[in-house]
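Student: Starting from these lines, generate the structure:
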Amino acid sequence: MQCRREHPNLWVKLEGRTCLLWGAVESYAKVQEVITALGGRVVSEKISRVDLCVDIPGLDVRELQEAVERGQFITRANHVKPQWDLARDQKTGFIAGKAPLYLTVYDKAAQLMGRGGADYAQAMIDRRWSGEAPKTATRVEFQCGRRWLLEQGVSSAWDFFGLQGAIAEKLTQEWFRVTDQPVDRENKNQSRAKTLPLWLDIQAGFRRVFGEPEGELVPIQRDKIEPFRLIKQGRGCLRNALLQMGFKCETYGAFAEWCRWLLLRLAQRTGDYEAFIEDYKRRQTEHLS
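Tutor: Numbering: from 1, shown residues only. Modelled structure (predicted):
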């Protein structure tokens, strides 16, 4: 069944719980498998929102909040709001920006209490908190809406998988960062402020989770996308898949061979050799001048 772009046949929401328990890439691949098993094929897709986060067990959220309250930050956001729980008379983090892009910093350990179920809580302990339940654990989370993502060159899930390292770098270095001293905003001397060592650790955490920056973040213009930019995005996706599967590559040639094996294995698993080539030929006619 065909559909208009504004009325998709299928809408999927991969929540944080799903990504933690099963993996974001793996869950996305499973959706593709289900579509194929039902006799369907993806003609077009779009991503509506992406959340990028890191968790720091043992870090009291007040440490970052109080630095921000002292004016120790540089941001492109128009609003930065500290959060305060009046019932408990306790600082609980801060928010920067608003849709389509905003940052939330809060105590994930406190927020988790009584939510998500035992399996989710245990997954947080095993995969985010180094095996022990901390008394406090700060989460730094960027929520990116589609309008902002398109400005970075991201329209689909695979666009994001290829550019996630560059996106994380831009968010933690250019869009918001905490500095080691209050920023002189009146005299526009913000560039002189050095980054707070704790925030440098957070930037490093985002690099470990989302990878090193690769690919250019430029607005989507489908008729002007250069082939090598798409190739770099695809290479980044394949790299992340191989890393998650535990493959070791000592040389670039070995990486290329594993990528070839991975693509053949994918077609064998999904059984869509003919459908893929049919789609390729159809798209080939669209690119003829």
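
Student: need the helices for the stretch 101-250 of the chain, in chain order.
Tutor: 108-112, 117-127, 146-151, 157-169, 197-210, 227-244 (DSSP state H, counting those that start in this stretch).

Student: could I get those helices as a markdown table with mean neighbour count, distance to Tyr28 and mean pLDDT?
Tutor: Just so you know, the C-beta spots here come from the backbone N, C-alpha and C atoms, and that holds for glycine as well. A markdown table is the format used below for these (neighbours: other Cβ atoms under 10 Å; distance: least, Cβ to Cβ, whole Å; pLDDT from 0 to 100):
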| stretch | mean neighbour count | distance to Tyr28 | mean pLDDT |
| --- | --- | --- | --- |
| helix 108-112 | 18 | 24 | 88 |
| helix 117-127 | 14 | 18 | 88 |
| helix 146-151 | 17 | 15 | 93 |
| helix 157-169 | 23 | 5 | 93 |
| helix 197-210 | 16 | 15 | 96 |
| helix 227-244 | 16 | 10 | 81 |
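
Student: All the strands of this structure, in order from the start?
Tutor: 49-57, 73-75, 80-85, 90-98, 101-107, 137-145, 176-178 (DSSP state E).

Student: Which one of the ones you listed lies nearest to Arg208?
Tutor: Closest approach to Arg208 among these (Cβ to Cβ): strand 49-57, 8.2 Å.

Student: now the angle between helix 157-169 and that closest one, please.
Tutor: Angle, strand 49-57 to helix 157-169, by axes from the mean of the first three to the mean of the last three Cα atoms, to 10 degrees: 50 degrees.

Student: on contacts alone, who are the packing partners of strand 49-57?
Tutor: Counting contacts by 3 or more Cβ pairs under 8 Å, 6 or more residues apart in numbering; DSSP states H and E, strand 49-57 is packed against strand 137-145, helix 146-151, helix 157-169, helix 197-210.

Student: got these as a markdown table, with distance to Leu86 columns?
Tutor: Formatted as a markdown table, those follow (distance: least, Cβ to Cβ, whole Å):
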| stretch | distance to Leu86 |
| --- | --- |
| strand 137-145 | 21 |
| helix 146-151 | 32 |
| helix 157-169 | 34 |
| helix 197-210 | 27 |
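
Student: for those, which one sits closest to Arg128?
Tutor: That would be strand 137-145 among those, by Cβ to Cβ, at 7.7 Å.

Student: What strands flank that closest one, and is each parallel or antiparallel?
Tutor: strand 49-57 (antiparallel), strand 101-107 (antiparallel) (DSSP bridges).

Student: for Ile95, what are its contacts?
Tutor: 79-81, 83, 102-105 (Cβ atoms under 8 Å, 6 or more residues apart in numbering).

Student: winner for burial among the strands paired with strand 137-145?
Tutor: The highest average neighbour count among the strands paired with strand 137-145, using mean count of other Cβ atoms under 10 Å, belongs to strand 101-107 at a mean of 21.

Student: quick revisit: most widely separated two among the contacts of Ile95?
Tutor: Among the contacts of Ile95, His79 and Val105 lie farthest apart (Cβ to Cβ), at 14.0 Å.

Student: Show me how the chain divides into domains.
Tutor: 1-45, 46-224 (automatic domain parsing).

Student: Centre of the chain to the last one, how far?
Tutor: Taking Cα atoms, centre = their mean, to the nearest Å, one finds domain 46-224 lying 10 Å from the centre of the chain it belongs to.

Student: Pass me the low-pLDDT residue ranges in the stretch 51-200 of the chain, would you?
Tutor: 114-116, 188-191 (pLDDT under 70).

Student: Identify the residue nearest His90 in space, chain neighbours excluded?
Tutor: That one is not His; residue 90 is Gln. Closest residue to Gln90 apart from its sequence neighbours, by Cβ to Cβ, 6 or more residues apart in numbering: Trp84 at 7.4 Å.

Student: partner residues bridging the one you found?
Tutor: Counting by DSSP bridges, the residues bridging with Trp84 are Lys91.

Student: So it is in contact with Thr92, correct?
Tutor: Yes: counting by Cβ atoms under 8 Å, Trp84 does reach Thr92; the two are 6.7 Å apart.

Student: out of those two, which sits in the more crowded spot?
Tutor: A side-by-side neighbour count of Trp84 and Thr92, using other Cβ atoms under 10 Å, places Thr92 first with 17 against 13.
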